[in-house]
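Undergrad: I would like the atomic coordinates for the input below:
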Amino acid sequence: AKKYNLPESVIDFIRTHHGTTSVRYFLNLFEKQGHDSIAAEVDNIVNKSAANADVYKFVLNSLFQYYNKSNLLTDENVFVYIAEKYYLNGKTPWSTPDFTSKLKTDIEARKPSLIGQIAPDFQMKDDKGKTVSLRSIQNRFVILYFYDVDCEICEQVSPELMNFYRIIRDRGVDIIAVYV
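TA: Below you'll find the model as predicted:
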């Protein structure tokens, strides 16, 4: 790998709010893409930053924090990817064993509920009082929709989801709405 000797002014810049904002701006360019595409771009950014230890640490920590704090569900997949590939694989020499151990426990708890994973089976009563389990549904695809009647976003999404369901229900898709 080619080594770049960045001037201290560049290293000082990336440590500022402006440097963090620049990384976040760049990341937002990929926000609409799927988590696999974003993960590939994360690797690209991290690999390019590896020529300078300070830049590498800053970039990797910025990505780690950004995807950990994101409110987008798919970003949790990216966070788990970063944690497993870099933090849990010994590529972050600044991480303490205690931090790494806690992170490993956190990641293992998150993995079963990531987007794209098969949901764990559960049972609940349907609107007629009959007990139904997730695995008892015969359709090929099941969309789990968790909602709250006081949720403003749910008020907007619920009618759209019902319209979508009317279009796809004959294609082997079912929706389970769970009030939380």
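
Undergrad: mind showing which ranges of the chain have poor pLDDT?
TA: The chain contains residues with pLDDT under 70 at 1-32.

Undergrad: show me the strands in it, by range?
TA: 123-125, 131-133, 141-147, 173-179 (DSSP state E).

Undergrad: could you export these as TSV, including distance to residue 45 and mean neighbour count?
TA: Every C-beta, even on glycine, is put in place using the N, C-alpha and C of the backbone. Formatted as TSV, the strands of the chain follow (distance: least, Cβ to Cβ, whole Å; neighbours: other Cβ atoms under 10 Å):
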stretch	distance to residue 45	mean neighbour count
strand 123-125	42	10
strand 131-133	43	11
strand 141-147	32	14
strand 173-179	36	14
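
Undergrad: tabulate these (CSV), appending distance to residue 95.
TA: Shown next, in CSV, are the strands of the chain (distance: least, Cβ to Cβ, whole Å):
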stretch, distance to residue 95
strand 123-125, 40
strand 131-133, 41
strand 141-147, 33
strand 173-179, 37
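
Undergrad: between those strands, which one is nearest to residue 33?
TA: strand 141-147 (21.2 Å; Cβ to Cβ).

Undergrad: just give the strands next to the closest one in its sheet, each with its orientation.
TA: Note on strand 141-147: by DSSP bridges, its sheet partners are strand 173-179 (parallel).

Undergrad: so for residue 94, which of the strands of the chain sits nearest?
TA: Closest to residue 94 of these is strand 141-147 (Cβ to Cβ; 36.8 Å).

Undergrad: now do that closest one: distance to the chain's middle.
TA: Computed by Cα atoms, centre = their mean, to the nearest Å, the separation of strand 141-147 from the middle of its chain amounts to 18 Å.

Undergrad: what's it in contact with?
TA: With contact meaning Cβ atoms under 8 Å, 6 or more residues apart in numbering, strand 141-147 is reached by 119, 134, 154, 157-158, 161, 172-180.

Undergrad: do that again at 7 Å, thanks
TA: Residues from elsewhere that reach strand 141-147, judged by Cβ atoms under 7 Å, 6 or more residues apart in numbering: 119, 134, 154, 158, 161, 172-180.

Undergrad: all helices of the protein, in order?
TA: Secondary structure of the chain (DSSP state H): helices located at 8-14, 17-28, 35-49, 53-69, 73-82, 97-110, 152-168.

Undergrad: neighbours of the closest residue to residue 64 other than its chain neighbours, how many?
TA: Leaving aside its chain neighbours, residue 64 sits nearest to residue 82 (5.4 Å; criterion: Cβ to Cβ, 6 or more residues apart in numbering). Other residues lying near residue 82 total 25 when counted by other Cβ atoms under 10 Å.
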